[in-house]
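Undergrad: Show me how the following folds:
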Amino acid sequence: MRLEQGDTGLLVWFAGQTAPVLFSWFWLRDHGLDESSIDPVTLQRRTDTFSIAPDIRGQLTNFDQQQQLISLLWPDGQQTSLSAYLLASNCGLAPARHELAPDKPQILWDNAAPLTDLPAAQHAAVMQNDSELLNWLEQIFQYGFSVLEGVPSTEQATTELAQRVGRIQETLFGTMWPLSSELTEHGDTAYSTSYLAPHTDGTYYQDAAGLQMFNCLRFDGDGGENILVDGYALAEQLRSADPEAFQALSEINVPSHYIERGVHMRAERPAFRLDGNGDVIQVSFNNYDRAPMRLVADQADRFHRAYRVLHDATLDESNWVKIGLRPGQTLIFDNWRLLHGRMGYVGERVFYGCYHSRAEFESRLRVLRASIQKDARPDD
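TA: Have a look, this model is predicted:
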């Protein structure tokens with residue numbers, strides 16, 4: 001790596017790159033990683049961003065090739081340092097340490113790219129070994145779901161597994177909850193034997209669950225297969241085949257609610273929530289829980305056409321994966337990515353499950369990866 005001072009910033013030639021990357025002096029002053037810039041215990045910022053002069057100019061004083069550490073001097077006499085890794089990761093030449101699974105990109109699946117094998121892991125390995133736990137969570141990140149084999153069919157074992165994943169998200173259903181047609185505490189179609197069309201859970205929550213987990217405790221009957229649909233894949237289908245529908249589904253907020261005695265939840269967001277790069281980061285689709293909408297005529301036409309297109313795609317069985325869970329098996333899936341449903345059934349079907357927040361899932365991935373790589377720093 002080669003460095004050169006410029007009028008507006010530091011020019012950096014990374015290995016294998018013929019053109020330099022410019023890092024502005026302001027950005028460099030704002031992103032020091034030394035103790036004067038970052039509290040070494042809390043990792044919170046000490047730099048006062050708003051006291052930095054917009055036209056500040058620094059001086060390169062040293063580049064330690066062995067430690068890959070850049071030292072800079074500022075007009076007020078303050079010296080700061082940054083790592084070469086931070087610069088490389090902030091221009092896409094190295095994976096940032098906040099990335100969830102940089103070496104395992106997400107794999108979308110649908111009728112054009114069906115899964116040949118179900119992602120799966122073994123309960124004993126996941127419970128006993130952090131590397132196996134990380135592999136399992138990265139599998140969920142990659143495919144949106146995984147089936148865990150060899151899980152004891154008890155509430156205690158389910159709870160211990162859930163805690164192994166991370167802190168359990170409490171909702172109006174509690175922390176850990178049973179799921180059976182015999183339960184009558186909540187007025188929800190999930191507590192029935194009927195068919196459930198593919199949907200996402202918690203559309204009426206501002207912070208809809210990130211993961212959902214079902215452990216099969218008992219099954220004695222016919223039917224009841226779990227339906228999974230890759231919402232990210234459907235979104236990309238529409239982005240390519242029907243851009244107008246994709247745009248409507250990413251712009252028009254859809255309100256949802258959940259109402260029962262003592263409870264009135266409500267939230268709204270688009271069916272496809274995008275990040276700053278235009279990538280889909282959350283799919284929200286649940287017509288069971290959709291609340292009344294206030295749309296002007298032309299907007300209503302756009303929405304209902306697009307919503308129907310998405311609905312039809314979710315019902316296309318060539319986009320489905322069906323899993324008939326039996327005792328000893330646990331299904332965990334990404335509720336921000338996958339829609340799930342259920343085939344109707346007869347007989348006894350008892351699950352025990354829970355939710356985890358998306359933030360908790362992402363945190364667990366980062367912490368495990370950092371721990372296994374012997375590096376607990378968030379970014380440097």
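
Undergrad: CA atoms for contacts and neighbours, from now on please.
TA: Will do.

Undergrad: quick one: what helix or strand has Gly92 in it?
TA: Using DSSP states H and E, Gly92 sits within no helix or strand.

Undergrad: so where do the helices sit in the stretch 251-380 of the chain?
TA: 297-315, 358-372 (DSSP state H, counting those that start in this stretch).

Undergrad: so where's the chain shaky on pLDDT?
TA: Low-confidence segments of the chain, defined by pLDDT under 70: 181-191, 375-380.

Undergrad: any idea which of the helices of the stretch 251-380 of the chain is most buried?
TA: Ranked by mean neighbour count, the helices of the stretch 251-380 of the chain are led by helix 358-372 with a mean of 18 (mean count of other C-alpha atoms under 10 Å).

Undergrad: what sits up against that helix?
TA: For helix 358-372, the external contacting residues (C-alpha atoms under 8 Å, 6 or more residues apart in numbering) are 97-101, 130-131, 134, 137-138, 165-167, 209-211, 336, 376-377.

Undergrad: are any of the residues you listed buried, and which?
TA: For the contacts of helix 358-372, a burial check counting by 16 or more other C-alpha atoms under 10 Å picks out 97-98, 100-101, 130, 134, 137-138, 165-166, 209-211, 336.

Undergrad: quick one: which of the residues you listed sit in helices?
TA: Of those, the ones assigned to helices by DSSP state H are 130, 134, 137-138, 165.

Undergrad: so which of these comes closest to Trp25?
TA: Glu138 (37.1 Å; C-alpha to C-alpha).

Undergrad: Excluding covalently adjacent residues, which one is nearest to that closest one?
TA: Ala101 (6.4 Å; C-alpha to C-alpha, 6 or more residues apart in numbering).

Undergrad: Phi and psi next, for that neighbour.
TA: Main-chain dihedrals, Ala101, degrees, to the nearest 10: phi -150, psi 70.

Undergrad: for Trp336, same thing?
TA: Backbone phi and psi, for Trp336 under degrees, to the nearest 10, turn out to be phi -90, psi -10.

Undergrad: residues contacting Arg269?
TA: 252-255, 284.

Undergrad: ditto for Arg218
TA: Contacts of Arg218 (C-alpha under 8 Å, 6+ apart): 153, 326-327, 348-351.

Undergrad: need the next SSE after the host helix or strand of Asp220, C-terminal direction.
TA: Per DSSP H and E: Asp220 is located in strand 211-223. Under the assignment DSSP H and E, the closest C-terminal helix or strand after strand 211-223 is strand 226-230.

Undergrad: strand partners of that next one, parallel vs antiparallel please.
TA: strand 320-323 (antiparallel), strand 338-342 (antiparallel) (DSSP bridges).

Undergrad: Following the chain onward from that strand, which element is next?
TA: helix 231-241.

Undergrad: Now do that next one against helix 297-315: the angle between them, please.
TA: 120 degrees (axes from the mean of the first three to the mean of the last three C-alpha atoms, to 10 degrees).

Undergrad: just how off-centre is helix 231-241 within its chain?
TA: 18 Å (C-alpha atoms, centre = their mean, to the nearest Å).

Undergrad: and it, which residues are buried?
TA: Residues 231-238 are the ones in helix 231-241 that count as buried (16+ other C-alpha under 10 Å).

Undergrad: What sits closest to Ile252 if chain neighbours are left out?
TA: Nearest one to Ile252, counting by C-alpha to C-alpha, 6+ apart, is Pro270 at 5.4 Å.

Undergrad: Equivalent analysis for Phe303, please.
TA: With C-alpha to C-alpha, 6+ apart, the residue lying closest to Phe303 is Ala248, at 6.0 Å.

Undergrad: Report the backbone C-alpha coordinates of stretch 154-169 in CSV.
TA: The C-alpha trace of stretch 154-169 is given here as CSV (Å, rounded to 0.1, in the frame of the first residue of the first chain):
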residue,chain,number,x,y,z
THR,A,154,-39.4,-30.9,25.4
GLU,A,155,-40.1,-27.3,26.3
GLN,A,156,-36.9,-27.1,28.3
ALA,A,157,-34.7,-28.3,25.4
THR,A,158,-36.5,-25.8,23.1
THR,A,159,-35.8,-22.9,25.6
GLU,A,160,-32.1,-23.9,26.0
LEU,A,161,-31.7,-24.0,22.2
ALA,A,162,-33.4,-20.6,21.9
GLN,A,163,-31.1,-19.1,24.5
ARG,A,164,-28.2,-20.6,22.6
VAL,A,165,-29.2,-18.5,19.6
GLY,A,166,-29.5,-15.3,21.7
ARG,A,167,-31.9,-13.3,23.9
ILE,A,168,-35.5,-14.3,23.2
GLN,A,169,-37.8,-11.5,22.0
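
Undergrad: what does it contact?
TA: 127, 151-152, 175-176, 209, 213, 215, 217, 352-357, 360-361, 364.

Undergrad: and the residue nearest to Phe303, helix, strand or coil?
TA: helix (DSSP: H, G, I helix; E, B strand; the rest coil).

Undergrad: Wait, Lys322 touches Leu228, no?
TA: Yes: using C-alpha atoms under 8 Å, Lys322 is in contact with Leu228, at 6.3 Å.

Undergrad: In terms of neighbours, single out the busier of those two.
TA: Leu228 (23 against 17; other C-alpha atoms under 10 Å).

Undergrad: how far does stretch 300-319 sit from the chain's center?
TA: 23 Å.

Undergrad: and what of stretch 165-184?
TA: On C-alpha atoms, centre = their mean, the centre of stretch 165-184 falls 20 Å from the chain's centre.

Undergrad: ditto for stretch 113-127
TA: Distance of stretch 113-127 from the chain centroid (C-alpha atoms, centre = their mean) equals 18 Å.

Undergrad: got the contact list for it?
TA: 109, 132-133, 136, 139, 143, 145-151, 161, 164, 319.

Undergrad: quick one: the residue nearest to Ala15 when sequence neighbours are not counted from Met176, how far?
TA: Distance criterion C-alpha to C-alpha, 6+ apart; nearest residue to Ala15, sequence neighbours excluded, is Met1 at 5.4 Å. Counting by C-alpha to C-alpha, to the nearest Å, the gap between Met1 and Met176 amounts to 52 Å.
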